[in-house]
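Participant: next come a sequence and a model predicted from it.
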Amino acid sequence: MNTDSKIRVAGSALGGRWPPCATARRSGFTLIETLVAMAILAVVLSMLGQVVFRGIHQSVMTRRRAQGVLLAQAKMEEMLSHRSDLSGWLKKVEKEAPVDPETDARWFSDPDREMFRWSCEIKDAANRPAMKEIVVRTLWQRRGGAGWSRCELRTLVFAPKKGWGLFGESVGPNLSTDGRDS
């Protein structure tokens, strides 16, 4: 068998054309097409990953913010429930609750809330001589330790004069601790 006949036999396996025609239809993708498709897929997956990550981050921050608000509300309620002797309650808290030197705020006693701190302030209400303002703040650390977020709740309490039982004053003979005549 000569070399010419070997070429013809091989050519007949390719549809009878030898050498194969450049315009013949081939199946599959070229290397360039595959690389372009993979690059587009990588960009899309990267963007999708960022969107998912941001969504998770927002969810965590929203949960922490909601926890901070609920903790501030609970601490405010606790303070208001002790308003017959709020000064005494504050002295007791100062002895029991340690202060975080970084934030100058107190830790919550519950270990599940170790990332949260709280502080309170009682002062005379501006332009309201018969009122006291109670301010409760909760603080929590931002992701990665990049500072602190905070929630602040304020309320006014009626405290018209000494002897009404608010803020540790003694109660007069004809007054109850809620300020109404008995």
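Facilitator: Received the coordinates, thanks.
Participant: give me the low-pLDDT residue ranges for this structure?
Facilitator: Within the chain, the segments meeting pLDDT under 70 span 1-26, 111, 160-182.
Participant: and the residue nearest the centre of it?
Facilitator: The centroid of the chain falls nearest to residue 61 when counting by CA atoms, centre = their mean (1.5 Å).
Participant: any idea what sits nearest that residue, other than its immediate chain neighbours?
Facilitator: Nearest residue to residue 61 in three dimensions, chain neighbours excluded: residue 143, at 7.3 Å (CB to CB, 6 or more residues apart in numbering). From N, CA and C alone the C-beta is placed, and that goes for glycine too.
Participant: tell me which residues touch the one you found, please.
Facilitator: 57, 60, 61 (CB atoms under 8 Å, 6 or more residues apart in numbering).
Participant: so which of those residues sit within strands?
Facilitator: In strands, judged by DSSP state E, none of those are found.
Participant: and which of the residues you listed is nearest to residue 109?
Facilitator: residue 60 (23.6 Å; CB to CB).
Participant: starting at the chain centroid, how far to the lengthiest helix in the chain?
Facilitator: With secondary structure taken from DSSP state H, the chain has its longest helix at helix 31-81. Averaging C-alpha positions (CA atoms, centre = their mean, to the nearest Å) puts helix 31-81 9 Å from its chain's average.
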